[in-house]
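S.K.: one predicted model, sequence on top.
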Amino acid sequence: MTLATATGPHLFWITSRAAGIAALLLSSLAVCLGLAMGGRLAPRLSKSDLRVTHEALSLATLAALAVHGLSLLGDGYLHPSLADVAVPFLFGYETFWTTAGIVAFWMLAALGLSYYLRARIGVRRWRALHRLTALAWALGVAHSLGEGTDSGQQWFLVMTALAVVPVLALLAARLLGVLADTSEQLEQKA
Amino acid sequence: MTPDQAQRIARRRKAALRERARHIRVIVASLSATFFVTAFLVVYVQLASGHDPALLATERHATSELASRSTELEGNENPSPSKSSSSSSEASSAEEPTTLTTSQS
């Protein structure tokens, strides 16, 4: 087999890229399921099964994102510090897109893990906050397309489209449903 | 149904739900591992075969820099029209991977 590039020095970088791709797919699945559950469009599964699947996918996304950021610490080319990959606007490399990724991660972590505090927060308030997860996911997708090393590759674009299109369709259905519900309520009030 | 029987049924149902949740978590963990390993292999093979988009861009940048530098140097040393052929041969030799850890085996 002919190897054109020694991969040894790039293992941390490859790990980070692979974890980022896994996070993109897992977060898309989690958001998809969340939207389907919220819009009562979920497949024929019991409510508890859907909730457990959504929760597991969300935790797997956070784990993949942690690997995505932390493995960069070992990269010999970028040499980022822990603050560089955790604090927005600090890293000199592609500052805007890196910040988008960092903000998306913290939003996903806060909104996802707040599930365990929903009794304290209040279920209604928590639900309203949890809707922002779609925004955090969109920010993550923008980060992957804006900064991702593979973002110009055909396989990556096809994979991203396969992950993103169903979420956008469900999001549109949800928003249209909400709009329809609101206009019905307004008509009933009138 | 006695209260004891009802409690037993409830306990069994609870255990079944817990088992199902564990099963789902195992499936999601396996799916995550599959995504990660597949992505790792794709990126690894891409890099190992010399088709990595980032390294190709760096290589192209280094090649063009080398070519322009060699043209500049030749322009200073021998400003005759015949230099174009030698500079192009140097530029083509500069197209071989120069920067980063590239090697052919």
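M.R.: Thanks, I have the structure now.
S.K.: shaky segments in the chain?
M.R.: Using chain A here. Residue ranges of chain A with pLDDT under 70: A:1-7, A:42-44, A:178-190.
S.K.: not quite, I wanted chain B
M.R.: For chain B, the ranges with pLDDT under 70 are B:57-66, B:69-105.
S.K.: nearest to chain A: which residue in it?
M.R.: As assessed by C-beta to the nearest C-beta, chain A sits closest to B:Gly50 within chain B, at 2.7 Å. In short, each C-beta sits where N, CA and C put it, glycine included.
S.K.: and the gap between A:Ala134 and A:Ser27?
M.R.: A:Ala134 sits at a distance of 10 Å from A:Ser27 (criterion: C-beta to C-beta, to the nearest Å).
S.K.: these two - which one has more neighbours?
M.R.: A:Ser27 (27 against 19; other C-beta atoms under 10 Å in any protein chain shown).
S.K.: now the more buried one: closest residue in space, sequence neighbours ignored.
M.R.: A:Thr61 (4.4 Å; C-beta to C-beta, 6 or more residues apart in numbering or on different chains).
S.K.: and that neighbour, what is it in contact with?
M.R.: With contact set as C-beta atoms under 8 Å, 6 or more residues apart in numbering or on different chains, A:Thr61 has these partners: A:23, A:26-27, A:30, A:108, A:112.
S.K.: that one sits in which helix or strand?
M.R.: Taking DSSP states H and E as the criterion, A:Thr61 maps to helix A:47-70.
S.K.: also B:Ser30?
M.R.: Per DSSP H and E, B:Ser30 falls inside helix B:3-48.
S.K.: just want the angle from that helix to helix A:47-70.
M.R.: With axes from the mean of the first three to the mean of the last three C-alpha atoms, to 10 degrees defining the directions, helix B:3-48 sits at 30 degrees from helix A:47-70.
S.K.: need the three-state assignment for A:Leu78.
M.R.: When classified by DSSP: H, G, I helix; E, B strand; the rest coil, A:Leu78 comes out as coil.
S.K.: my guess is it meets A:Glu94, correct?
M.R.: No: with contact defined as C-beta atoms under 8 Å, A:Leu78 does not count as touching A:Glu94 (10.0 Å).
S.K.: those two: which is more packed in?
M.R.: Shown here are A:Leu78 and A:Glu94; by other C-beta under 10 Å, A:Leu78 has more neighbours (16 against 13).
S.K.: now do that one against chain B, distance only.
M.R.: 11 Å (C-beta to the nearest C-beta, to the nearest Å).
S.K.: re earlier: list the buried residues for the helix holding A:Thr61?
M.R.: Buried residues in helix A:47-70, counted by 16 or more other C-beta atoms under 10 Å in any protein chain shown: A:49-65, A:67-70.
S.K.: the helix or strand following that helix: which residues count as buried?
M.R.: Sequence order places helix A:82-86 as the next helix or strand after helix A:47-70, per DSSP H and E. Within helix A:82-86, the residues scored as buried using 16+ other C-beta under 10 Å are A:84-85.
S.K.: what's the offset of helix A:82-86 from the middle of its chain?
M.R.: Here helix A:82-86 is found 19 Å from its chain centre; the criterion is C-alpha atoms, centre = their mean, to the nearest Å.
S.K.: please name the nearest non-neighbouring residue to A:Pro166.
M.R.: Nearest one to A:Pro166, counting by C-beta to C-beta, 6+ apart, is A:Cys32 at 5.5 Å.
S.K.: try A:Gly20
M.R.: A:His68 is the one closest to A:Gly20 (C-beta to C-beta, 6+ apart), at 4.4 Å.
S.K.: that neighbour contacts A:Trp13, doesn't it?
M.R.: No: using C-beta under 8 Å, A:His68 is not in contact with A:Trp13, being 11.1 Å away.
S.K.: quick one: A:Leu82 from A:Gly74, how far?
M.R.: 12 Å.
S.K.: please identify the buried residues of the helix or strand where A:Ala109 lies?
M.R.: Following DSSP H and E, the helix or strand that holds A:Ala109 is helix A:95-113. Going by neighbour count (16+ other C-beta under 10 Å), the buried part of helix A:95-113 is A:97-105, A:107-109, A:111-112.
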